[in-house]
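what's the 3D shape of this:
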Amino acid sequence: MVTSEQRRRQLAREKYERQMERRVEAAKKRKQRNAIVGGSLAVVLLGVVGAAAGGVFSSDDKGKSSAQAAPTAAVTPVKGCTAPAAGQPNGKQWQTEPAMSIDTKAAYTATLDTSCGKITATLDAAKAPHTVNSFSFLSGEQYFDHTKCHRLTTENIYVLQCGDPQGTGTGSPGYKFADENLTGATYPAGTLAMANSGPNTNGSQFFIVYKDTQLPPSYTPFGKITGGLDVLQNIAAGGVQGGGPDGPPVANVVLNAVTTAKG
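As a prediction, the model looks like this:
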């Protein structure tokens, strides 16, 4: 026969066990909730600053880059920008990197005649010979002509990306070549550098830095802007379509023509 004292102890034990079960369950739910919040925060942070690592300026000919977006059909005018010159990208393709044809001891300049103004740059053939050779080859083939600058970033990293005949961030000339000039590479305002989808995957896409930017030394710097930085800053001031920090620029930026010259 169960005494009243035994019954009291049994009830107390059962109450204690129920309390412990509730505490364990509460702890489990709290852990799950924290994991969800932490994961959501990580996604937000990656969306804002994570782009600066691991191929943010991707030129993925397989279309794998999550940071790339196709430009929309309707583009709001930006002061200083005009209608692009008539014509379409020729979309030429080559199986291999072009043979070296530049003089690595000579000075080279590039002129980007855009629908938002002219941009000029010096090219560093000594430190980035293959890059300058490729850029010179492609400009000579009118490969860049009539191509859209498809991407603008306006937070943490400040660049305009161009050089894709598809205008989506997925195009290439059909060949790839190795990285150059990465030791100690920095990206101050006015830097001209190659976009890539990983080590040694350079093609035709490049980006222009319009404001000092912190990036890992993963993108070949091959030139410096000598004129038209105000053009880039005006494009940046127009913002990104949809109001975000990364995507097609509001300005309809088209490379009407790109030329490279020795001397």
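
confidence score at Lys79?
Here the pLDDT value assigned to Lys79 is 89.

tell me the pLDDT at the closest residue to it other than its chain neighbours?
Distance criterion CB to CB, 6 or more residues apart in numbering; nearest residue to Lys79, sequence neighbours excluded, is Asn234 at 7.3 Å. All C-beta spots, glycine's among them, are computed from the backbone N, C-alpha and C. On pLDDT, Asn234 comes in at 97.

right, and Asn234 touches Ser115 too?
No. Distance between Asn234 and Ser115: 11.9 Å, which falls outside the contact criterion (CB atoms under 8 Å).

More neighbours: the two, which one.
Ser115 (21 against 18; other CB atoms under 10 Å).

Now do the same contact list for that one.
Shown in contact with Ser115 (CB atoms under 8 Å, 6 or more residues apart in numbering): 81-85, 252-254, 256.

From those residues, pick the one nearest His150.
When those are compared for distance to His150 (CB to CB), Val253 wins out at 8.7 Å.

burial measure for that closest one, as a count.
29.

these two touch, right, it and Leu160?
Yes. The pair formed by Val253 and Leu160 meets the contact definition of CB under 8 Å, at 6.9 Å.

what is in contact with those two at once?
149, 235.

Low-confidence ranges, this protein, go.
Applying pLDDT under 70 to the chain flags the ranges 1-76.

how about the strands of it, start to end?
108-114, 117-123, 147-148, 151-155, 157-162, 191-194, 206-209, 221-227, 246-247, 254-262 (DSSP state E).

Pull the contacting residues for the residue nearest to Val258 when sequence neighbours are not counted.
Among residues not flanking Val258 along the chain, Phe144 sits closest, at 3.9 Å (CB to CB, 6+ apart). Counting by CB under 8 Å, 6+ apart, Phe144 touches 89, 112, 138, 162-163, 204, 255, 257-258.

Can you go through those residues and name the buried ones?
Neighbour-count burial (16 or more other CB atoms under 10 Å) is assigned, among those, to 89, 112, 138, 162-163, 204, 255, 258.

Out of those, which two sit at the greatest distance?
The widest separation within the buried ones among the contacts of Phe144 (CB to CB) is 14.7 Å, between Pro89 and Leu112.

Tell me which of the strands of the chain sits most buried.
strand 206-209 (a mean of 27; mean count of other CB atoms under 10 Å).
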